[in-house]
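J.: this one's sequence-less:
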């Protein structure tokens with residue numbers, strides 16, 4: 001049941017202290033290939049992110065996002081001294097905004113409007129990427145899946161703002 005938009009809880013959930021920022025962008029050119037880091041990306045409702053393997057439309061998982069603030073936590077839980085964003089196979093690393101607050105909401109990244117659809121749970125590939133326990137290290141920190149509502153482009157340094 002959706003919250004009454006006038007309820008105190010709905011107001012708290014809608015209040016974000018500031019905009020976030022795009023820190024990294026990666027594309028998966030094909031299944032099982034390494035991520036390719038890019039400075040800027042084009043997004044379309046019918047084609048997803050240009051250069052990403054999910055080209056058939058944005059769907060629920062058209063764009064995957066993860067919080068930069070969670071990367072050190074995942075690294076610590078996986079007992080890794082450092083962690084490259086590309087290992088986690090998410091398209092966008094953002095900082096400064098809690099992604100959980102964007103689930104079920106529309107938000108803007110550069111000139112692109114996205115809608116948070118569901119948690120981006122880890123897959124079994126995280127065991128290979130992060131080592132034994134990698135799957136569990138990412139649980140609760142996997143980020144957010146989103147669909148593309150309005151196409152455009154975004155790049156590193158662009159704002160991430162709830163609408």
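T.: Good, I have the coordinates. Please read all numbers here as calculations on a predicted model, not as lab measurements.

J.: what about the helix or strand bottoming out on mean pLDDT in the chain, distance to the chain center?
T.: Between all helices and strands in the chain, the lowest mean by mean pLDDT, DSSP states H and E belongs to helix 8-14, at a mean of 73. Here the centre of helix 8-14 is set off from its chain's centre by 23 Å, with CA atoms, centre = their mean, to the nearest Å.

J.: Following the chain onward from that helix, which element is next?
T.: strand 20-27 (DSSP states H and E).

J.: Which helix or which strand is home to the residue nearest the centre of the chain?
T.: For the chain, the residue nearest the mean C-alpha position is residue 65 (0.5 Å; CA atoms, centre = their mean). Counting by DSSP H and E, the element that carries residue 65 is strand 63-67.

J.: Quick check: which helices or strands does the helix or strand following that strand pack against?
T.: Using DSSP H and E, the next helix or strand after strand 63-67 towards the C-terminus is helix 71-77. When contacts are defined as 3 or more CB pairs under 8 Å, 6 or more residues apart in numbering; DSSP states H and E, helix 71-77 sits against helix 134-138. C-betas here are computed from N, CA, C, even on glycine.

J.: other SSEs contacting the helix it packs on?
T.: Here helix 134-138 touches helix 71-77, helix 125-130, going by 3+ CB pairs under 8 Å, 6+ apart.

J.: Please tabulate those helices in TSV, including the columns mean neighbour count, mean pLDDT and distance to residue 27.
T.: Below are the helices and strands packed on helix 134-138 laid out as TSV (neighbours: other CB atoms under 10 Å; pLDDT from 0 to 100; distance: least, CB to CB, whole Å):
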stretch	mean neighbour count	mean pLDDT	distance to residue 27
helix 71-77	17	95	19
helix 125-130	18	89	17
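
J.: ok so, going back, confirm for me that the residue nearest to the centre of the chain is in contact with residue 143.
T.: Yes: counting by CB atoms under 8 Å, residue 65 touches residue 143, with 5.1 Å between them.

J.: joint contacts of these two?
T.: 90, 99, 120 (CB atoms under 8 Å, 6 or more residues apart in numbering).

J.: can I get those residues in CSV with pLDDT?
T.: CSV is the format used below for the shared contacts of residue 65 and residue 143 (pLDDT from 0 to 100):
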residue, pLDDT
90, 94
99, 95
120, 92
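
J.: Just the closest of those residues to residue 49, please.
T.: residue 90 (11.6 Å; CB to CB).

J.: how close does that closest one get to residue 3?
T.: To residue 3, residue 90 is 28 Å away according to CB to CB, to the nearest Å.

J.: Those two: which has the busier surroundings?
T.: residue 90 (24 against 12; other CB atoms under 10 Å).
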